[in-house]
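In: need a 3D model of the following:
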Amino acid sequence: MAKVAIDVVKKAGVNVDELLKLLIKNASAELTTYYYYTILRANLIGLEGEGVKEIAETARIEDRNHFEALMPRIYELGGRLPDDMKAFHDLSACPPANLPKDPHDAKALLEVLVNAERCAVYGYTQICNLTAGKDHRTYDLVLAILNEEIEHESWFSEFLGEGPSGHFLRRGETSPFVSKFLK
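Out: Numbers count the residues shown, from 1 in each chain. Modelled structure (predicted):
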């Protein structure tokens, strides 16, 4: 499978090494964000924090799903994930979503969350631009992830009072765009 996938993508004019580097960096961002969001979510307490907790949990689970969906494509294209978790963490396309200095400041927590999502939107847009009309499988996968990242960003930006987005929290369903890649 990898031989054909690599050949088709190369013939379409995509630099496979560049694409793999971006996919691995974004896979790292997804897995590390899943970890950091676990910590952030645990600190969303009190009147302000509890309102954000469900949304943070949805984004957290979907980021894990994004990692799970990216991993097979990385291997299909002849890539692999680093053996060392610390090295993998340090490859992340986005900076760590660390707790703010005051972990009880819900607005500061929201700023961390929205900035992580904005970084992801930029990263996946770059991969979509690289693969559009050339690598249909990667494009379809990354576009699905991009759609979910845009929703995550909109949820957090609304809590910050940046204006309405028209997006609504999903009830009972996670990863509606990416789920077809997880089967």
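In: quick one, helices of this protein?
Out: 2-11, 16-42, 46-76, 85-90, 106-131, 136-159 (DSSP state H).
In: quick one, the longest one and helix 2-11 angle?
Out: Spelled out, that is helix 46-76. 100 degrees (axes from the mean of the first three to the mean of the last three C-alpha atoms, to 10 degrees).
In: any idea of the mean pLDDT for stretch 89-97?
Out: Averaged over stretch 89-97, pLDDT sits at 97.
In: chain center to it: distance?
Out: Centre-to-centre, stretch 89-97 and its host chain are 11 Å apart (C-alpha atoms, centre = their mean, to the nearest Å).
In: other residues contacting stretch 166-180?
Out: The contact list for stretch 166-180 (C-beta atoms under 8 Å, 6 or more residues apart in numbering) reads 54-55, 58, 61-62, 65-66, 69, 141, 143-145, 147-148, 150-151, 154-155, 158, 182. Where you see a C-beta, it was placed from the backbone N, CA and C, and this is true even at glycine.
In: got the buried residues for it?
Out: T174, S175, F177, V178 (16 or more other C-beta atoms under 10 Å).
In: turn those into JSON lines, including pLDDT and distance to V14.
Out: As requested, the buried residues of stretch 166-180 are exported to JSON lines (pLDDT from 0 to 100; distance: C-beta to C-beta, whole Å):
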{"residue": "T174", "pLDDT": "89", "distance to V14": "30"}
{"residue": "S175", "pLDDT": "93", "distance to V14": "25"}
{"residue": "F177", "pLDDT": "95", "distance to V14": "22"}
{"residue": "V178", "pLDDT": "97", "distance to V14": "21"}
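In: max pairwise distance over those residues: which two?
Out: Using C-beta to C-beta, those span at most 10.4 Å, a distance reached by T174 and F177.
In: buried ones in the worst-scoring helix or strand of the chain on mean pLDDT?
Out: When each helix and strand of the chain is scored by mean pLDDT, DSSP states H and E, helix 2-11 comes last, with a mean of 92. For helix 2-11, the neighbour count (16+ other C-beta under 10 Å) marks A5, I6, V9 as buried.
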